[in-house]
Structure formats: C-alpha cells, structure tokens
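> 3D model of this:
(one chain, ligands or ions: 4)
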Amino acid sequence: AKGGGRGRYAIFGQAMDALVQERRAVEHDLRIALEGNDQIVVLFQPLYSAGTRRITGVEALARWHHPTKGWITPDAFIPVAEDTGLVEQLGDRVLRAACQAARGWGAIKLAVNVSVVELRNPLYPMKVANILMATGLNPHQLELEVTESTLTDENGICAANIEALRELGVLIALDDFGTGFSSLSRLQSLAVDRIKVDKSFVQGLGTPGSSDAAIVEAIIKLAQATGLKTTAEGVETIEQEEHLQRAGCDDLQGFLMSKPVSEVELSKLLQSQDEQ
Ligand code: C2E
Ligand code: CA
Ligand code: CA
Ligand code: CA
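Residues are numbered from 1 along each chain as shown. Ligands and ions are numbered 1, 2, ... in the order given. Take a look at the predicted model:
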C-alpha cells in the first residue's frame, strides 16, 4: 500500500511539475507579448439600455493572440498575469488602448476591468489620471469594474484608491456581483456607482425551479433603493431579457445583443444606430 501511495504521489508530483512549467511558459510568453504591440488585442462588447436596446456603453475585454497557440482567453492568462505582477502592464495597455478608441465614439460609456493587484498599488489613480490626460477621454465616460474582493482588501489601499478615482470623476462598477462575500446589506456603505449582476444568476432566469429570478430581483431592488445603477451580464435569451426588463434592470450585456467585437465593428454598430 505504501508503494502504491508513493506511486500516486509521484504521478501527482509530475502533474504539479507540468502545471508549474505551463505557468512558467505562459509567463515567459506574456512578457514577450507585452514587449511587442500586436499580440494583446482589445475587443469591445456593447452594453444596451434595457428599455430602448440602444448602446449606452461598451466593456473592453482583453484577448491574446499567441504566435503559436492562437487566441487565448483572459481566464487562461489573467491569473498568471496577476501572480507575476504583469497584470499592471497589461491593465495599462488595455486602458490606454480602450480610452484611445472610445474618444471617437461620442458620449457612450467605456467600462474597463481592473485587477485587485492593480488597485493595490497606491500609484494606480495617478496612472489612470495620466492615461485620461494623454488620451483626452472625459473621466465621466470611464467606468472601472472592480470585484468584491477589492472591497474587503484589509490594508485600505483599494478603498482609498477607489475614493481617489471617484474624485477624478471616474465611475466604479462592482463586477460579478453576488459571487463574492460582501453581503447585500453592505451595499449602502460601498462607494460604487453600479453593480453588475453576475451571469451565473442571469443564466437561471426562466429555468423552472431555479431561485435565480428571486436573487436577481432582490439585487436590483436593493440597488435601486441605494441609488445604484444595474447591469446584467450574460444575457443570452429573449426570455432573460424580458425578465430583466420587468425587474427594472438598467443595462443589458450578452450574446443575445452582441458578442465582443473589434473596434472597427463597434464603430459600425454605433454608426448604424445613429442612422436610425
Ligand atoms: P467579466 O468582467 O465578467 O467579463 C464578462 C465575460 O462574459 C467576458 O468573458 C464576455 O465575453 C463574457 N460574456 C459576455 N456576454 C456573454 C453571454 O451572453 N454569455 C456568456 N456565457 N458569456 C458572456 P471574457 O472576455 O472571456 O473575459 C473573462 C474575464 O476575464 C472577464 O470577466 C474579466 O474578469 C477578465 N478580463 C477580461 N479582460 C480583462 C482586462 O483587461 N483586465 C482584467 N484585469 N481582467 C480582464
Ligand atoms: Ca467585467
Ligand atoms: Ca462580470
Ligand atoms: Ca466574470
């Protein structure tokens, strides 16, 4: 039995080694990607007013075009970027590119994801201010999406940074709401402007026996009571859209309306909307 155990550990050890090596490879390649300027690409997914189905904003989403592995989704490289600190460079790159693109889109809002690792840097608000200045984007058009883990960060730097960003005029959205640990009752004390209902709850809308409808309605009611805007992400069916409209959700985002698209494609979408 002992030998078998050792054998299992040997296999486990090999699997761990492979994982560590894979992460090292991603880190190595990501460093190279961030030195150049053609591998990291930013796509934009439109956000629609639930009432009018007009585009009110876009969310910038990072993509990595790896020279041999092809397209890599953020879930596969953001965690490595966070562990290695490379997410600061990546975030800088995405924010700059997105602000530059958004200048040509009129008054619509630009949402950009921020990692808790970036937000823990006391210099982060200054970085954002510099990028706004360099690109000329109005701070009120920028909405930074932070996750709940940011708000429970012990040392207080994240909270201070969020305050500093809001003083710049930048808006703050709480991403993936409902999946973290901050309770609904804490909403009132949070210095945010919007909450994004996580797609895992949206997906259950219209599924018989699911409690997701009750959860989504409760989140939206509470947000309204505390003066926060709401966006539902991951809207894939008309049934979900209608549910969210009835519940009073402000904005909708999902494959039903549009998947993330290139800057050029987004410009076309905005243009055809203006012609209507
Ligand atoms: P997120 O911020 O929750 O972004 C929404 C994700 O849902 C995106 O995945 C989007 O493509 C996807 N999505 C949109 N509509 C639908 C839908 O109708 N159904 C389904 N099933 N999915 C939908 P994506 O682009 O793969 O990004 C994954 C996560 O990676 C993001 O989740 C965000 O947390 C992170 N991420 C992406 N770009 C950046 C970035 O520039 N910086 C940082 N720190 N994180 C990023
Ligand atoms: Ca987001
Ligand atoms: Ca989200
Ligand atoms: Ca997410």
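
> Nearest residue to residue 118 in space, ignoring adjacent ones along the chain?
Leaving aside its chain neighbours, residue 118 sits nearest to residue 91 (4.8 Å; criterion: Cβ to Cβ, 6 or more residues apart in numbering). Glycine gets a C-beta too; all of them are placed from N, C-alpha and C.

> and that neighbour, how many neighbours?
Residues within reach of residue 91, counting by other Cβ atoms under 10 Å, total 25.

> Where does it sit, in terms of helix or strand?
helix 87-102 (DSSP states H and E).

> Backbone dihedrals for the residue of the stretch 1-150 of the chain found nearest ligand 3, both of them.
In the stretch 1-150 of the chain, the residue that lies nearest ligand 3 is residue 145 (6.9 Å; Cβ to the ion). Phi and psi for residue 145, reported as degrees, to the nearest 10, are phi -100, psi 120.

> what about it, distance to ligand 2?
4 Å (Cβ to the ion, to the nearest Å).

> how many other residues sit next to that residue?
21.

> separation between it and residue 135?
18 Å (Cβ to Cβ, to the nearest Å).

> repeat for residue 224
From residue 224 to residue 135 the distance is 33 Å (Cβ to Cβ).

> which other helices and strands contact the host helix or strand of residue 269?
Using DSSP H and E, residue 269 sits in helix 263-274. Contact here means 3 or more Cβ pairs under 8 Å, 6 or more residues apart in numbering; DSSP states H and E; on that basis helix 263-274 packs against strand 40-49, strand 55-66.

> ok, now which ones touch residue 89?
residue 34 (Cβ atoms under 8 Å, 6 or more residues apart in numbering).

> I should have written residue 141 there, sorry.
Per Cβ under 8 Å, 6+ apart, neighbours of residue 141: 102, 107-110.

> same thing but 10 Å
57, 99, 102-103, 105-111, 132, 169-171 (Cβ atoms under 10 Å, 6 or more residues apart in numbering).

> mind listing which of these are in helices?
Using DSSP state H, the members of those that fall in helices are 99, 102, 132.

> Just give me the closest of these to residue 197.
residue 102 (23.7 Å; Cβ to Cβ).

> Dihedrals phi and psi, residue 197?
phi -70, psi 120.

> before we move on, the earlier item: contacts only, for the residue of the stretch 1-150 of the chain closest to ligand 3.
Residue 145 neighbours (Cβ under 10 Å, 6+ apart): 59-60, 111-114, 171-176, 192, 194, 196, 231.

> Do you know the pLDDT at it?
For residue 145, the pLDDT comes out at 97.

> what kind of secondary structure is the nearest residue to it once chain neighbours are set aside in?
Nearest in space to residue 145, with sequence neighbours left out and distances taken as Cβ to Cβ, 6+ apart, is residue 175 at 4.2 Å. Residue 175 falls in the strand class when you classify it by DSSP: H, G, I helix; E, B strand; the rest coil.

> so where's the longest helix in this protein?
Counting residues, the longest helix found in the chain (DSSP H) is helix 2-35.

> Which neighbouring elements make contact with that one?
Contacts defined by 3 or more Cβ pairs under 10 Å, 6 or more residues apart in numbering; DSSP states H and E place helix 2-35 against strand 40-49, strand 55-66, strand 70-72, helix 74-84, helix 87-102.

> near ligand 1, which residues of the stretch 151-276 of the chain?
175-176, 199, 233-236, 253-255, 260 (Cβ under 6 Å from any ligand atom).

> can you check the stretch 1-150 of the chain too?
Residues of the stretch 1-150 of the chain lying close to ligand 1 by Cβ under 6 Å from any ligand atom are 45, 61-62, 73-75, 78, 87, 91, 94, 113, 115, 145.

> Now for residue 44: which residues touch it?
Here residue 44 is in contact with 57-61, 98, 101-102, 105, 110-111, 258, 260-263, 265-267, 269 (Cβ under 10 Å, 6+ apart).
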